[in-house]
Structure formats: structure tokens, C-alpha cells
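> What would the 3D arrangement of this be:
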Amino acid sequence: MSGVPVHADGRAWTANEWIAYAAQISTSAATALGRPQYGNGLGTGERYFTARYASWPLVPPNKQVAAEGFARNARGDINLFLTEALWKQDVDMIVDAEARGKGMMTLTKLWVPATEAQRNRWHEYTLATFLLGTGGRSMFCFLRSEDPASVEMDHPYNTIDPGQPTTAYRKWQGVYRRDFTKALVLVNPTTTDRKVALPRSYRTLGGGTVQGTITVRPNTGRVLRVPGG
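This next block holds a predicted model:
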């Protein structure tokens, strides 16, 4: 981990040289297989917006690029959340990649002991974070434990249909908001409660009904569905 890779002449490899070389291999594989490639290695929005990694999402054969540290570190403390600034970079990473014609394959790993309530909180928080940024080119995966079978594709949170986005995400009444044809998505990545007024009544992912106002607790997301949607 501390060594520096070098060329045959002893000159150190640069990050962009490695990316360019890997891209040649990926392009050859894509041509031979006749299938799109999915790159890996970005990890987080913070890394995505670091200059040394800037060209990796644009590698021609990559249809999507994986971010395996989306919104949290896999083995981070269950109560440890990204700062608002770092969290926002994860959202903007999706927006930027899709604007460039690519997509993000976001993966959130909850590989620490957790209660079902804690898993659900993280699941809805990261799902809502993903929905703030995507326009349809990207994918979301939440691993509720380290067990490979923990994806739970039939989990209720993985089967909702928010419809089509009708706005870009924005900050509103202290939270981040995005409107969909069948849902309203709210995320509070701060450490302060935010009470916001709702434009209509909605159903929560848990099956309840909310109307009038809703308090979005610190570091939580809410995916509120239009009744009948």
C-alpha cells in the first residue's frame, strides 16, 4: 500500500496514465464481448470531484461507474453520517455523470450491526439521496448487511415507483426537495430538525398518511408517495 508503481524506466505512473491504460483494456473487452462496461473505483462523490479521478467516468466503454461508498462507509459507525457538504457531493456526482451521458451505479453498504429500524432509516435516507440526483441513467443498491443475499430486491423500499421527476433537486425550507409525478422526496442531511409544510397529503413508505406539515429529523430522508400513485 505504500509502494509507488513505476514504468520500466523507473518513472512513476500517474493516476491519469493508469486510467488511460485501463481504458484501453476496457475498450478491448467491450469490443470483444459486444457489451457495455461498468467501471469501478470511484467510491464517493468527494473522490469523483477530485481532479486526479476526473477522467475515469468519461472512459468511452463505461456505461456506468460504480460508487461503492455512496452516502456512508461500509463499516462506519451506525450513527456516523456525512457532513452536508460531503453528502451533497454524492448527489451532485449523479447529476454530473448523467449530464455527461453516463450513469452511476451507487452502492450503500451497512456492514455493521444494526437494528431493523436503523437499517430502514439508512435505506430510506440513501434511497431518497439517490432519487434527488438521478434522471434515470443510474442505479441504486442498498446492502442491509454483509450477507450477499441482503440486497432484498423485493423489499418494499426497492419496489416503489416515484414516477418521473418534474423538477431538479433544490434546498427548500431547510431540507433538500425533489418532486416526482408520484412522490415527493425530502432529505435532511443536517443535525437539526426541519419542519416543513406539505403541498398535499402523502403516504409514507411505512404505509401511514401525512398531511399539513412533517418534521424531517436530522440525517433522514423521506420518500412520500401520492395516494393512488
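> how distant is the worst-scoring helix or strand of the chain on mean pLDDT from the center of its chain?
Sorting the helices and strands of the chain by mean pLDDT, DSSP states H and E puts strand 37-39 at the bottom, at a mean of 81. Relative to its parent chain, strand 37-39 has a centroid offset of 17 Å by CA atoms, centre = their mean, to the nearest Å.
> Same check on stretch 168-184?
That offset, for stretch 168-184, works out to 16 Å (CA atoms, centre = their mean).
> Give me the below-cutoff pLDDT ranges for this protein.
Applying pLDDT under 70 to the chain flags residues 56, 150.
> repeat that for 80
Along the chain, segments meeting pLDDT under 80 span 1, 15-16, 19, 36-37, 41, 51-62, 148-153, 229.
> doesn't residue 216 make contact with residue 196?
Yes: using CB atoms under 8 Å, residue 196 is in contact with residue 216, at 6.5 Å. In short, each C-beta sits where N, CA and C put it, glycine included.
> Now the common contact residues for those two.
Residues touching both residue 196 and residue 216 (CB atoms under 8 Å, 6 or more residues apart in numbering): 175, 186.
> More neighbours: which of the two?
The neighbour comparison of residue 196 against residue 216 (other CB atoms under 10 Å) goes to residue 216, with 23 against 18.
> Starting from residue 192, give me the distance back to that one.
Using CB to CB, to the nearest Å, residue 216 is found at 10 Å from residue 192.
> And residue 145, by the same measure?
Counting by CB to CB - residue 145 and residue 192 are separated by 30 Å.
> for residue 91, same thing?
Applying CB to CB to residue 91 and residue 192 gives a distance of 19 Å.
> More neighbours: these two, which one.
residue 91 (23 against 9).
> who touches residue 4 in this structure?
Residues in contact with residue 4 (CB under 8 Å, 6+ apart) are 12, 13.
> same for the helix or strand containing residue 20, what does it pack against?
Assigned by DSSP states H and E, residue 20 belongs to helix 15-33. Packed against helix 15-33 by the contact rule (3 or more CB pairs under 8 Å, 6 or more residues apart in numbering; DSSP states H and E) you find strand 37-39.
> what about stretch 219-229, start to end distance?
26 Å (CA to CA, to the nearest Å).
> Which positions in that stretch come out as buried?
Under the neighbour-count criterion of 16 or more other CB atoms under 10 Å, stretch 219-229 has 219, 220, 221, 222, 223, 224, 225, 226 buried.
> mind listing which of the residues you listed are in helices?
The members of those all map outside helices under DSSP state H.
> Disregarding residues adjacent in the polypeptide, which is nearest to residue 229?
residue 182 (3.4 Å; CB to CB, 6 or more residues apart in numbering).
> How about the contacts made by that neighbour?
Counting by CB under 8 Å, 6+ apart, residue 182 has contacts 161, 162, 163, 225, 226, 229.
> of all those residues, which two lie farthest apart?
Maximum pairwise distance in those, criterion CB to CB, is 10.5 Å, between 161 and 226.
> what's residue 157 in contact with, if anything?
If you count contacts by CB under 8 Å, 6+ apart, then residue 157 has 120, 123, 124, 127, 142, 205, 223 around it.
> switch the cut-off to 10 Å
119-120, 123-124, 126-128, 140, 142, 144, 205-206, 223 (CB atoms under 10 Å, 6 or more residues apart in numbering).
> ok, now residue 130?
Counted by CB under 10 Å, 6+ apart, residue 130 has contacts 70-71, 90-91, 94, 104, 106, 108, 138-142, 185, 187, 221.
> Residue 196 is in what secondary structure piece?
Per DSSP H and E: strand 194-197 holds residue 196.
> what residues does the helix or strand following that strand touch?
Sequence-wise, the next helix or strand downstream of strand 194-197 (DSSP H and E) is strand 202-203. Contact with strand 202-203 is made by 183-184, 186, 208-211, 214, 222-229, as judged by CB under 10 Å, 6+ apart.
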